[in-house]
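Colleague: how would this look folded up:
(one chain, ligands or ions: 2)
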Amino acid sequence: MSLRDLYPVPDIDEHWTVPQGFDAVFDWRFDEGRDRLMHLYQKGKDMQWDAVNRIDWSQELDPENPMELPPEGNALYGTPLWERMSAKDRSELLRHSQAWNISQFLQGEQAALICAAKIVQQVPDLDSKFYASTQVMDEARHVEAYKKLLEKFGVAYPMTQPLGELVDQALRDSRWDMTYLAMQVVIEGLALAAFGTIRDLSQNPLARQVNAYVMEDEARHVTFGRLTLRDYYPELTQAERDEREEFLVEACYHMRDRFDGIEVYQALGLPMEECVNYAKESEVMQLYRSLLFQRIVPTVKDIGLWGERVRNAYEDMGVMHFAELDPDALNENDEQVARDIDARTAYVNAVAGQGAAAE
Ligand SMILES: [Fe+2]
Ligand SMILES: [Fe+2]
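Modeller: Ligands and ions are numbered 1, 2, ... in the order given. A predicted model of the protein is given here:
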């Protein structure tokens, strides 16, 4: 199935081309590599999985609330507009909103695939090239898994403009660390937090599984960005670091304020301005928008882009308290949750197998 056939918006181009201007760099040193990066690379190899075998794709979504998420999490829940909607219209809103979300994950995964491939070529150190090559494979698998999940919604959305603008910057910039900063720190940091809300709140086993397994890998990707940039940024001049901080602050506000799902309101013929205002005012959405920074803030602190400009922005956004979180502990938890789901699935299958044998 072609996902483009499921877009409820006017047809878009088949390809998107971002011009590139950077040097592909060989590393003739072939040295041992940094311990933590080589350890992460080994982990990347050991933890490969197959979306076809690890997930039972015969599991279905709920027709009325596909990922069985609390409807209170929808931006329009409880508004006068929501109250006027029929049960059928509400289900349609939930289906489209959730599909929009998963679509942005899918589109972001393809962007991550391409950014990781750029890093393989461009980063000067072989240990980073090794690790990034495992990320390329991970991202292909994520595209595969989200595409399979999205097909079950019967509706899909193209990449939104705000995400496209940030991806464009990540790719077009000729400095390799800017790709890391935009992708591994900002986009993957946001994604990790967004996947986490579905993994933890969804009652649908398929949706939970896909997000938990992707997160298990994403935690490594964010760590990869953190380890590499933590080594690199102290080597830069203050002026160069300032430039990165400026980019970072803009990217964070950009994603917080412009990633608002208006395409769903358009597709469903809902009053756009009214919906956007509801979404802005919604307490649940405000909480969600701040939660999205849970993974970015501790990473940014750790890589040393922690000047006044960045700290002021995070204070202003109300996300400064996330700076106290331990990124390694968060990652360990992501891996543990994925293992728990595997164990539960194996147990359920074993019980089902015994039942079938007894019949
Ligand atoms: Fe990914
Ligand atoms: Fe990733």
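Colleague: Distance of Ala346 relative to Asp56?
Modeller: From Ala346 across to Asp56, the span is 12 Å (C-beta to C-beta, to the nearest Å). Every residue, glycine included, has its C-beta placed from N, CA and C.
Colleague: Next up, the contacts around Gln304.
Modeller: Check again: residue 304 is Gly, not Gln. The neighbours of Gly304, taking C-beta atoms under 8 Å, 6 or more residues apart in numbering as the test, are 230, 233-234, 241.
Colleague: got the residues of the stretch 1-150 of the chain near ligand 1?
Modeller: 109, 112, 139, 142 (C-beta under 5 Å from the ion).
Colleague: ok, 6 Å please
Modeller: 109, 112, 138-139, 142 (C-beta under 6 Å from the ion).
Colleague: restrict the residues you listed to those near ligand 2?
Modeller: When contact is defined as C-beta under 6 Å from the ion, those meet ligand 2 at 112, 139.
Colleague: Same list, the residues of the stretch 1-150 of the chain next to ligand 1, but as a markdown table with pLDDT please.
Modeller: Converted to a markdown table, these look like this (pLDDT from 0 to 100):
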| residue | pLDDT |
| --- | --- |
| Glu109 | 98 |
| Ala112 | 98 |
| Asp138 | 98 |
| Glu139 | 98 |
| His142 | 98 |
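Colleague: picking that back up, could the contacts of Gly304 go into a markdown table alongside pLDDT?
Modeller: Listed next are the contacts of Gly304 as a markdown table, based on pLDDT from 0 to 100:
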| residue | pLDDT |
| --- | --- |
| Arg230 | 96 |
| Tyr233 | 97 |
| Pro234 | 96 |
| Arg241 | 97 |
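Colleague: Name only those of these that count as buried.
Modeller: With burial judged by 16 or more other C-beta atoms under 10 Å, the buried subset of these is 233, 241.
Colleague: So which of the contacts of Gly304 is the closest to ligand 1?
Modeller: Nearest to ligand 1 among the contacts of Gly304, counting by C-beta to the ion, is Arg230 at 21.2 Å.
Colleague: Which other helices and strands does the helix or strand where that closest one lies contact?
Modeller: Using DSSP states H and E, Arg230 maps to helix 205-232. Counting by 3 or more C-beta pairs under 8 Å, 6 or more residues apart in numbering; DSSP states H and E, the packing neighbours recorded for helix 205-232 are helix 35-46, helix 87-122, helix 126-151, helix 176-180, helix 188-201, helix 296-303, helix 327-358.
Colleague: Need those helices in TSV (columns: distance to Pro271 and mean neighbour count).
Modeller: Formatted as TSV, these follow (distance: least, C-beta to C-beta, whole Å; neighbours: other C-beta atoms under 10 Å):
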stretch	distance to Pro271	mean neighbour count
helix 35-46	47	16
helix 87-122	13	21
helix 126-151	27	21
helix 176-180	39	22
helix 188-201	26	22
helix 296-303	33	24
helix 327-358	39	13
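Colleague: rank these by pLDDT, which is bottom?
Modeller: When these are compared on mean pLDDT, helix 327-358 scores lowest, with a mean of 88.
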